[in-house]
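> Coordinates only, no sequence provided:
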C-alpha cells in the first residue's frame, strides 16, 4: 500500500525548535488526525509538507518518491494540497478563475471562457458543490469558499489533502456535508490529514491519529478503536485533564451591563439582557443565530436602530468602540487574525496598544523600558508562550495570540469584557488556561459576556446562558437548569429536529 512518510523532520526558528525529528506514516485511503496543543508543531509540519518552510533535515516520501518542496507550487505539482483555516482565495476573481489560476485554459494568449466554465462545473460537481463558477469568490459564504478550495485541490489531482481546522466556521449541516466529502476522498484512496481541536470530530471522521507535543512525536494511534478522549488529551498535554472547565462559583454584584430592547442589524426582535459584576453569562447559538451581531451592537461597532446598552446605573454605551472602551467595555472579536491582532507587529506592541499613553510622559516620547517591563509582566501572568516579546505576534499559536489580546485589555480599567468565540481553534490545554483567565476576571468583579457555538463550553463555564436562534433570544437559563437538551431545544429553529 502506498503511503505518506515523515522521517526525522526537524525545523528550527530563531529561539524555537518547532519540529524535532518527527517521524510517522500515513497510509493511503485513510483519514489521519494530527493532534497537539497550539505550538505543538502541527502547523509547522503542514507548512513543511506544503513547501512554505523547508525542513532543516529529514525527508518526506510519497509513494516511494522523496518530496523536496521549496515553494508551495512544488508541493502542488507533487500532489499535495493544504486547506488552511484562513482560506487562500482571490475574492475579486470568479470561482472558475480561482480553481484554475496558474493554469487557465487559453489559446494564442486568449482565455477560453466557455472551456473554463465547463471544466469548473465538472470539478465542482465532483465535490458536490452547487456553485455558479461565474460567481466572485468574495460573494460566497465561508462553507462554499471552503468547497472551492477543495475543488481547487482536485484540479491538481491532489493525492494528499490536509485540512486545518476545517469546521471552525461551519454550521452543523455544513459540517456533515464536509465529512461526507472527506469520506468520498478517502474511499478514492487519497491520504487525508485532519487537524482539529474538536475531539468529537476526530472520533467521528478519523481512522488514526498522531500526537505532537513541543515539536516532538509522542505517539501514533494506528486505529482509534479502544482509544478514549482522555487518552488523546493526556498524550497532548502530558497530564490528565479531568475537567478542563473547572467551574468556580463566586459572589456576584449589581448589574453592570444592561441591554434593554436593543435592536439593529442581525436581530429579528429586541433583546433584553443583563450581566452582573462578577458574573459570566454565555451567549449560545448555532452559526447564524445572531450572537456576533448582538456583540457588535453592544460594543458600538454596529449601529443600533433602537433600545440601549447601559453600563452601571447611568452610563449608556456610546456610539462607537472608542466610547465603549472609555466606559470600560472591551471586545475580543471572533476573527482575531483580522480584527484582534496587528499581525506584522511584535507581541510587546500588541499588548501595549491600549496602554501606550501610560508610558508616554507628556504624550510625546514612548518609554521603551516601561513598555518592555509591562509586556514582560503580562506575558508571565497569562503564560504567553513566545520566544521573546519582540517576536511577530503572527508567528504565535492561536491560543497565545488570544492570550496576548486578553493581556492588552487586562492592562486597562475594565468593567465589561465581551468575548466572541474565545477558544475558537485553540487546543484543550490552552482552553483551560483561557477559562482560568475568564474566572479570574469575574472574581475581580468584571462582568463577562461569552458568545460561543460550543455547547460543552457554555455549559461548563457560565453562570447563566442566553440562547439565540434566528436573531432572537429564545430563553435565558440559570446554570442549575441549563441541561444540554434544554439549551439545544432553545437553539433550534421552529420545525427543526431536536437533538438528543
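Cool, the structure landed. These figures come from a predicted structure and were not determined experimentally.
> Can you identify each of the strands in the stretch 251-400 of the chain by residue range?
Taking DSSP state E, counting those that start in this stretch as the test, the strands found in the stretch 251-400 of the chain are 255-263, 271-276, 280-284, 306-311, 315-316, 329-332.
> Adjacent strands (with direction) for the last one?
With DSSP bridges as the test, strand 329-332 is paired with strand 416-420 (parallel).
> Could you do the second one as well?
Paired strands of strand 271-276, with direction, are strand 255-263 (antiparallel) (DSSP bridges).
> Residues contacting the strand it pairs with, please?
With contact meaning Cβ atoms under 8 Å, 6 or more residues apart in numbering, strand 255-263 is reached by 269-277, 294, 297-298, 304-312, 329, 415-416, 447, 449. Quick note: C-beta positions are derived from backbone N, CA and C, even for glycine.
> Of the residues you listed, keep whichever come out buried.
In the contacts of strand 255-263, burial by neighbour count holds for 270-271, 273-277, 294, 297-298, 304, 307, 309-312, 329, 415-416, 447, 449, counting by 16 or more other Cβ atoms under 10 Å.
> ok, residue 220 - contacts?
Shown in contact with residue 220 (Cβ under 8 Å, 6+ apart): 24, 25, 208, 209, 210, 211.
> again, but for residue 280
So residue 280 contacts 438, 439, 442, 448, 450, 461, 462, 463 (Cβ under 8 Å, 6+ apart).
> where does residue 236 land in three-state SS?
Following DSSP: H, G, I helix; E, B strand; the rest coil, the label given to residue 236 is helix.
> pLDDT score for residue 473?
Confidence at residue 473, expressed as pLDDT, is 95.
> again, but for residue 312
Reported pLDDT at residue 312 in the predicted model: 67.
> same check, this time on residue 294
What the model reports as pLDDT for residue 294 is 94.
> Which residue is the nearest non-sequential neighbour of it?
residue 271 (6.1 Å; Cβ to Cβ, 6 or more residues apart in numbering).
> thinking again about what came up before, of the strands of the stretch 251-400 of the chain, which is nearest residue 429?
strand 329-332 (19.3 Å; Cβ to Cβ).
> chain center to that closest one: distance?
18 Å (Cα atoms, centre = their mean, to the nearest Å).
> Also stretch 12-29?
So, by Cα atoms, centre = their mean, the centroid of stretch 12-29 is 22 Å from its chain's centroid.
> same deal with stretch 408-419?
The answer for stretch 408-419 is 21 Å, by Cα atoms, centre = their mean.
> okay, how far is it across that stretch, tip to tip?
End-to-end distance for stretch 408-419, by Cα to Cα, to the nearest Å: 14 Å.
> Please identify the buried residues of it?
Quick answer for stretch 408-419 (16+ other Cβ under 10 Å): 408, 409, 410, 411, 414, 415, 416, 417, 418, 419.
> What of stretch 381-394?
Across stretch 381-394, burial judged by 16+ other Cβ under 10 Å covers 382, 384, 385, 386, 389, 391, 392, 393.
> Need the max-distance pair from these.
382 and 392 (18.2 Å).
> what's the neighbour count on residue 179?
Other residues near residue 179 come to 16 when the count uses other Cβ atoms under 10 Å.
> Make sure it is indeed in a helix.
Yes - judged by three-state DSSP, residue 179 forms part of a helix.
> For it, give me its contacts.
204, 205.
> and the gap between it and residue 88?
22 Å (Cβ to Cβ, to the nearest Å).
> cool, and residue 248?
Look at residue 248 and residue 88: by Cβ to Cβ, they are 41 Å apart.
> Tell me which of these two has more neighbours.
Using other Cβ under 10 Å as the criterion, residue 248 and residue 88 rank with residue 248 on top: 14 against 11.
> show me the contacts for the nearest residue in space to the more buried one that is not next to it in sequence.
Sequence neighbours aside, residue 439 is the residue nearest to residue 248 in space, at 5.1 Å (criterion: Cβ to Cβ, 6+ apart). Going by Cβ under 8 Å, 6+ apart, residue 439 touches 246, 248, 250, 280, 461.
> re the thing from before, of the buried residues of stretch 408-419, which is the nearest to residue 171?
Distance to residue 171 across the buried residues of stretch 408-419 (Cβ to Cβ) is lowest for residue 419, with 20.9 Å.
> related to what we said a few turns ago, surely the residue nearest to residue 294 is in contact with residue 293?
No - using Cβ atoms under 8 Å, residue 271 is not in contact with residue 293; the gap is 9.9 Å.
> ok, which stretches of the stretch 101-250 of the chain are helices?
Along the stretch 101-250 of the chain, counting by DSSP state H, counting those that start in this stretch, helices occupy 113-126, 142-155, 172-187, 199-205, 229-237.
> can you confirm the residue nearest to residue 248 is in a helix?
Yes - according to three-state DSSP, residue 439 belongs to a helix.
> Use 53 as the first number for this chain going forward.
Okay, residue one is now 53; in that scheme the one you just asked about reads as residue 491.
> mind giving me the domain ranges of this structure?
Following automatic domain parsing, one finds the domains of the chain at 55-289, 307-543.
> What segments of the stretch 453-552 of the chain are helices?
480-495, 507-513, 536-543.
> will you turn the ones you listed into JSON lines that also has distance to residue 202?
JSON lines is the format used below for these (distance: least, Cβ to Cβ, whole Å):
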{"stretch": "helix 480-495", "distance to residue 202": "27"}
{"stretch": "helix 507-513", "distance to residue 202": "27"}
{"stretch": "helix 536-543", "distance to residue 202": "28"}
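> Out of those helices, which gets nearest to residue 287?
Among the helices of the stretch 453-552 of the chain, helix 480-495 sits nearest to residue 287 (Cβ to Cβ), with 11.2 Å.
> what's the angle between that closest one and strand 323-328?
80 degrees (axes from the mean of the first three to the mean of the last three Cα atoms, to 10 degrees).
> so who does residue 210 touch?
Taking Cβ under 8 Å, 6+ apart as the contact definition, residue 210 lies against 128, 131, 132, 133, 242.
> got it, and residue 117?
Contacts of residue 117 (Cβ under 8 Å, 6+ apart): residue 130.
> rewinding a little: can you put the buried residues of stretch 460-471 in TSV and add pLDDT and distance to residue 113?
Below are the buried residues of stretch 460-471 laid out as TSV (pLDDT from 0 to 100; distance: Cβ to Cβ, whole Å):
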residue	pLDDT	distance to residue 113
460	76	44
461	71	47
462	71	47
463	66	49
466	83	52
467	88	57
468	91	54
469	90	49
470	92	48
471	91	44
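> Now flag whichever of these is closest to residue 425.
Scanning the buried residues of stretch 460-471 for proximity to residue 425, where the rule is Cβ to Cβ, the winner is residue 463, at 12.0 Å.
> Need the winner for burial among the helices of the stretch 153-302 of the chain.
Stretch with highest mean neighbour count among the helices of the stretch 153-302 of the chain: helix 194-207 (a mean of 21; mean count of other Cβ atoms under 10 Å).
> What angle do helix 165-178 and it make with each other?
Using the same axes, to 10 degrees: helix 194-207 against helix 165-178 is 110 degrees.
> which residues does the residue nearest to residue 514 when sequence neighbours are not counted form a beta bridge with?
What sits nearest to residue 514 in space, not counting adjacent residues and going by Cβ to Cβ, 6+ apart, is residue 334, at 3.6 Å. Note on residue 334: beta-bridge partners residue 502, residue 517, judged by DSSP bridges.
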